[in-house]
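>>> Could you work out the structure for the sequence below:
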Amino acid sequence: MLPTAEQGIMCIILCQSLTNTFTPIFIVRLDERTGNLFILAGDDIQIEIYKNGLWRFL
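Numbers count the residues shown, from 1 in each chain. Sure thing, here's the model as predicted:
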């Protein structure tokens, strides 16, 4: 399974925003059960990116 184009673009945008604030990114993972991207960054930042490119903090 591959991420959608919308997920890929949003992942780059969010990762750039995180690194602009010098927040380390530890994990970027595609959940094969749901098809959503997961980002783990900093001390407690968790982000889920849905197939349509929308995202939310967990």
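
>>> how many other residues sit next to Lys51?
The tally of other residues near Lys51 (other CB atoms under 10 Å) stands at 13. Every C-beta, even on glycine, is put in place using the N, C-alpha and C of the backbone.

>>> Let me know whether it touches Glu6 as I believe.
Yes: between Lys51 and Glu6 there is a contact under CB atoms under 8 Å: 7.1 Å.

>>> Quick one: residues contacting the most centrally placed residue in the chain.
Note on the chain: the residue nearest the mean C-alpha position is Ile39, at 4.0 Å, using CA atoms, centre = their mean. Counting by CB atoms under 8 Å, 6 or more residues apart in numbering, Ile39 makes contact with Cys11, Leu14, Cys15, Leu18, Ile25, Ile27, Val28, Ile45, Gln46, Ile47, Glu48, Ile49.

>>> Return the residues in contact with the first one.
Contact partners of Cys11, counting by CB under 8 Å, 6+ apart, are Pro3, Val28, Leu37, Ile39, Ile49.
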